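[1] Structure for this input, please:
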Amino acid sequence: REATARGEGARLASEQALRDYERNEKANLISQAALDGLRLARDTKLSELESARLALERSQAESKASDTALEKARIVVRTRELELSYMRITAPFGGVIAERNVKVGDAVGAGAPAFVLTDALNLRAVLHRPQKELELFARAQAAKSDGRAAGLEIRAVAEALPGVTFKGAIQRVSPSIEASSGSFRVTVRLESSATEAPEKKLLPGMLVRVEVVTDRHPNALAVPKRALRREGENDILFVVRDGKARRVEVEEGYGEDLLVEVVTKHGTLAAGEQVIVVGNRELEEGGEVEFEAPVEKAASPKPSETAVAPDASPKAEKAEGASEKKEGATAPPPEAAPATSAPKQG
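    The predicted structure is shown next:
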């Protein structure tokens, strides 16, 4: 600004000297000596004006250089601040540190994971299901996205928390089939707390058994799987009536680990009747049996009652009525899958 003011003053002074010179020269009212003095004053002011102009240009160049240096300094400051921020590790989400990979003094390269975090409130399990069930799960996922009832109930039981059930929901169904196994992936989101026991918490890494309820058969009749015997294309079982083994042809329905739903095709079977579960491979219609021990119900872990046939020692258990079944007719037994929270590395 100072150089600009000096330049402006020199310009005004030179213009004034030039006007005085021209006025006196026209009027011829001044001596030659005075006229020469005015010429000298004019030339001096013009020289001062040129000097001021050069000083102004030099000052502007210095100002630009200063601005450039200032911007470079700001860039250096921002770079140093960014480098300083690398000294602080920030978690991408709130959770619990599950694994620590570095300690004080370690040399760590760029991108090396320092910690593994888990989110106990965002648990998931990954299931692998046969490709024949892809349409079933895809339809359930589409129904969920449309806001309609999905039709598939997801339940999980952890080996570490027996007797406690955790609810789940389908989160994602893979649209492709794995060529090596012929199965597809189903990602299930699990609740971390059980409804019936809120104090019991599902933790990342726990092994869980996932049950997918595809259908319900109220008042279904269930018998131990050992009671069924294959005869050609038919399933049969033997029921004890009046001390004799009676053949009943049935159709197998939904099943669990120990029990299977049956629907009678020929003959009758009622809940509570005694069915033979051991020694029934060689048993014939009308064979006499006698009991040696109390009969147990199908789902009970107590010792079962034994019925003795003429040439075998078949054990008999009671057929039970069931209010619902937990597996689909085409679905294999529920598989075990670890509950995870998709640990992220930071």
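
[2] Below-threshold pLDDT in the stretch 151-300 of the chain: ranges please.
    Counting by pLDDT under 70, the low-confidence segments of the stretch 151-300 of the chain come to 151, 291-300.

[3] Wasn't Glu211 part of a helix?
    No: according to DSSP: H, G, I helix; E, B strand; the rest coil, the state of Glu211 is strand, so it is not within a helix.

[4] number of nearby residues for it?
    19 (other CB atoms under 10 Å). To be clear about C-beta, it is placed using only N, CA and C from the backbone, and glycine gets the same treatment.

[5] Against Asn219, how distant is it?
    Per CB to CB, to the nearest Å, Glu211 is found 20 Å from Asn219.

[6] ok, then the element right after the longest helix along the chain?
    Among the segments of the chain that qualify as a helix by DSSP state H, the longest is helix 32-85. Elements were assigned by DSSP states H and E; along the chain past helix 32-85, the next helix or strand is strand 96-100.

[7] ok, residues contacting that following strand?
    Strand 96-100 is contacted by residues 114-120, 204-205, 343 when judged by CB atoms under 8 Å, 6 or more residues apart in numbering.

[8] Pairing partners for that strand, with directions?
    Under the criterion DSSP bridges, strand 96-100 sits next to strand 115-118 (antiparallel) in its sheet.

[9] and the strand it pairs with, C-alpha only, in PDB?
    Taking C-alpha atoms only, strand 115-118 is exported to PDB below (Å, rounded to 0.1, in the frame of the first residue of the first chain):
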ATOM      1  CA  PHE A 115      -7.300 -54.600  16.900                       C
ATOM      2  CA  VAL A 116     -10.400 -56.700  16.100                       C
ATOM      3  CA  LEU A 117     -13.700 -55.300  17.300                       C
ATOM      4  CA  THR A 118     -16.900 -57.100  17.900                       C
END
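
[10] which helices and strands sit right next to the longest strand seen in the chain?
    Using DSSP state E, we find that the single longest strand of the chain is strand 244-255. Counting by 3 or more CB pairs under 8 Å, 6 or more residues apart in numbering; DSSP states H and E, the packing neighbours recorded for strand 244-255 are strand 234-241, strand 259-266.

[11] now with 10 Å?
    Using 3 or more CB pairs under 10 Å, 6 or more residues apart in numbering; DSSP states H and E as the contact criterion, the elements in contact with strand 244-255 are strand 220-224, strand 229-231, strand 234-241, strand 259-266, strand 274-278.

[12] In CSV, list those along with mean neighbour count.
    Output for these, formatted as CSV (neighbours: other CB atoms under 10 Å):
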stretch, mean neighbour count
strand 220-224, 23
strand 229-231, 12
strand 234-241, 20
strand 259-266, 17
strand 274-278, 24
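
[13] which one of the ones you listed lies closest to Gly286?
    Across the helices and strands packed on strand 244-255, Gly286 has its closest neighbour in strand 234-241 (10.1 Å, CB to CB).
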